[in-house]
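**Q** need coordinates for the below:
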Amino acid sequence: MQMLALPKLIRLLPVLGFVLGAACDVQPGCGNLVPGDFSCTIDDGRTYLLHVPASYDGTKPVPLVLDMHGFTSTAGAQRAISGWLQESDLRGFVVAFPQGIGNAWKAQGQCCVFNGGMQDDVQFLSDIALKTTLSGNIDTHRIYATGLANSGSMAHTLACKASDL
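**A** Residues are numbered from 1 along each chain as shown. Purely as a prediction, here's the structure:
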């Protein structure tokens, strides 16, 4: 899927919402943002954890943070140690903890190619942002990515290749 410029994406949100909703199993909290903790899946079977703070009521747009685990770690471990879960509750933003294939990210450089090099982590992370945006009231001007080491490189790769998000 080719990356869309944000103005084009905003015009296509209703259509994309219908397509994504029809094409994937709508999991509680994943397809309709409500407060809580959820294990979500993108159409290609890749997973992520999603935390929606108790203060979220959908009446005002909130930021989204993609918090990626480091090399050999997991989404669950990142959720437990990064501090973004607590910040989400304190400051009222949504946070997603994506799971990399082989517990790694195909970022810049030579590191971490799994699945025959076919994984597209930029697309995966973009899909999480899009699905979450379509599922609730996310401020599309405040979508952030963060990580450490391999996932820090992935955050940098995402900034370079998907800056329209």
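
**Q** residue closest to the middle of the protein?
**A** Ile128 (3.6 Å; C-alpha atoms, centre = their mean).

**Q** now do the strand or helix carrying that residue: distance to the chain's middle.
**A** Using DSSP states H and E, Ile128 maps to helix 121-135. The chain centroid and the centroid of helix 121-135 are separated by 5 Å under C-alpha atoms, centre = their mean, to the nearest Å.

**Q** for it, packing partners?
**A** Contacts defined by 3 or more C-beta pairs under 8 Å, 6 or more residues apart in numbering; DSSP states H and E place helix 121-135 against helix 6-23, strand 62-67, strand 94-98, strand 138-146, helix 150-161. Just so you know, the C-beta spots here come from the backbone N, C-alpha and C atoms, and that holds for glycine as well.

**Q** any idea of the angle it forms with helix 150-161?
**A** 80 degrees (axes from the mean of the first three to the mean of the last three C-alpha atoms, to 10 degrees).

**Q** list the buried ones in helix 121-135?
**A** Within helix 121-135, the residues scored as buried using 16 or more other C-beta atoms under 10 Å are 121-135.

**Q** and which of the residues you listed is nearest Asn150?
**A** Nearest to Asn150 among the buried residues of helix 121-135 is Asp121, at 10.5 Å by C-beta to C-beta.

**Q** contacts only, for the closest one.
**A** Residues near Asp121 by C-beta atoms under 8 Å, 6 or more residues apart in numbering: Gly100, Ile101, Trp105, Lys106, Ala107, Met154, Thr157.

**Q** what's the most distant pair in those?
**A** Distances among these were taken as C-beta to C-beta; the most separated pair is Ile101 and Thr157, at 14.7 Å.

**Q** which stretches of this structure have low pLDDT?
**A** Scanning the chain for pLDDT under 70 picks out the ranges 1-28, 109-118.

**Q** how about a cut-off of 80?
**A** Applying pLDDT under 80 to the chain flags residues 1-28, 108-119, 165.

**Q** ok now do the nearest residue to Ile143 once chain neighbours are set aside, which residues does it touch?
**A** Nearest residue to Ile143 in three dimensions, chain neighbours excluded: Leu64, at 4.8 Å (C-beta to C-beta, 6 or more residues apart in numbering). Contact analysis of Leu64 by C-beta under 8 Å, 6+ apart lists Phe93, Val94, Val95, Ala96, Ala129, Thr132, Thr133, Ile138, Asp139, Arg142, Ile143, Tyr144.

**Q** quick one on the thing from earlier: now render the contacts of Asp121 as CSV, adding neighbour count.
**A** Output for the contacts of Asp121, formatted as CSV (neighbours: other C-beta atoms under 10 Å):
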residue, neighbour count
Gly100, 30
Ile101, 16
Trp105, 31
Lys106, 24
Ala107, 24
Met154, 30
Thr157, 19
